[in-house]
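**Q** Need coordinates for the below:
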Amino acid sequence: MSAETAMEGGITGATTLTILHEIVRKLDRNAPRMDEIGKEVLSNLFKKLKLDVPDDDKLHLLATGAELVSNGLFYSLAGAASKNNVFLRGIFLGLTAGIGAVVLPGKLGLDESASNRTDKTKVMTIAWYLIGGIVAAAVTERLEERKRKYTR
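**A** Numbering: from 1, shown residues only. A predicted model of the protein is given here:
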C-alpha cells in the first residue's frame, strides 16, 4: 500500500478516536480522559524545558493536536505493509494502543485515573482505541480499492 493511503487511513482512525473521546467525556463522568494525560505530558515537557506552561485551553489544543499526529502515525501502520491482513493489523494496533493507554500511565508516573478510574473507563479506553484501529484499516482498504479501480 502507498504511504499516502496508509497515512490517510491512520489520520482518519486518529480523528475518529479523538472525536469519541471528546464527545463521550462531555456525556459520561467515567469516560476516559486521555486529553488530561496529554496535557500532563506537555506540561511536564514545558517545565523541563523551562518554558511557561500555556493556559489550560491552549494546553488542551496542543495535546489534541499532538494526539492526532501521534495516533495518526501509529494507526497508519495498519496499511504500511502488504495489502494482506490490513484489518488484523488495525485490530492489533487498536488493542495494543488501548491496553497501553490503560496500563502505561501509572508506570510512567502519570495520572492513571484518566484511563483506568473504573472498569467502565478501562473498557471504554480499550474500545475507543480499537475502534480507531478498525476505522484506520477500513479507510485504508477502501482508499486502496478506489485507487486500484481508477488507475487501471
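
**Q** So which other helices or strands are in contact with the longest helix along the chain?
**A** Looking across the chain with DSSP state H, the single longest helix is helix 119-150. For helix 119-150, the packing partners by 3 or more C-beta pairs under 8 Å, 6 or more residues apart in numbering; DSSP states H and E come out as helix 3-27, helix 56-75, helix 86-107, helix 113-116. To be clear about C-beta, it is placed using only N, CA and C from the backbone, and glycine gets the same treatment.

**Q** Kindly reformat those as a markdown table containing mean neighbour count, distance to Leu143 and mean pLDDT.
**A** What follows is these, written out as a markdown table (neighbours: other C-beta atoms under 10 Å; distance: least, C-beta to C-beta, whole Å; pLDDT from 0 to 100):
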| stretch | mean neighbour count | distance to Leu143 | mean pLDDT |
| --- | --- | --- | --- |
| helix 3-27 | 19 | 5 | 95 |
| helix 56-75 | 17 | 13 | 96 |
| helix 86-107 | 18 | 11 | 96 |
| helix 113-116 | 20 | 30 | 90 |
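
**Q** Gly38: which of those is closest?
**A** The minimum distance between Gly38 and these falls on helix 56-75, with 3.1 Å, by C-beta to C-beta.

**Q** quick one on the thing from earlier: what about the longest helix of the chain, distance to the chain center?
**A** Distance of helix 119-150 from its chain centroid, counting by C-alpha atoms, centre = their mean, to the nearest Å, is 11 Å.

**Q** What mean pLDDT does that helix get?
**A** Averaging pLDDT along helix 119-150 yields 93.

**Q** between it and helix 86-107, how many degrees?
**A** Angle of helix 119-150 versus helix 86-107, following axes from the mean of the first three to the mean of the last three C-alpha atoms, to 10 degrees, is 150 degrees.

**Q** tilt between helix 119-150 and helix 56-75?
**A** With the same axes, to 10 degrees as the basis, helix 119-150 and helix 56-75 are set at 60 degrees to each other.

**Q** quick one: buried residues of helix 119-150?
**A** For helix 119-150, burial by neighbour count (16 or more other C-beta atoms under 10 Å) applies to 121-122, 124-126, 128-141, 143-144.
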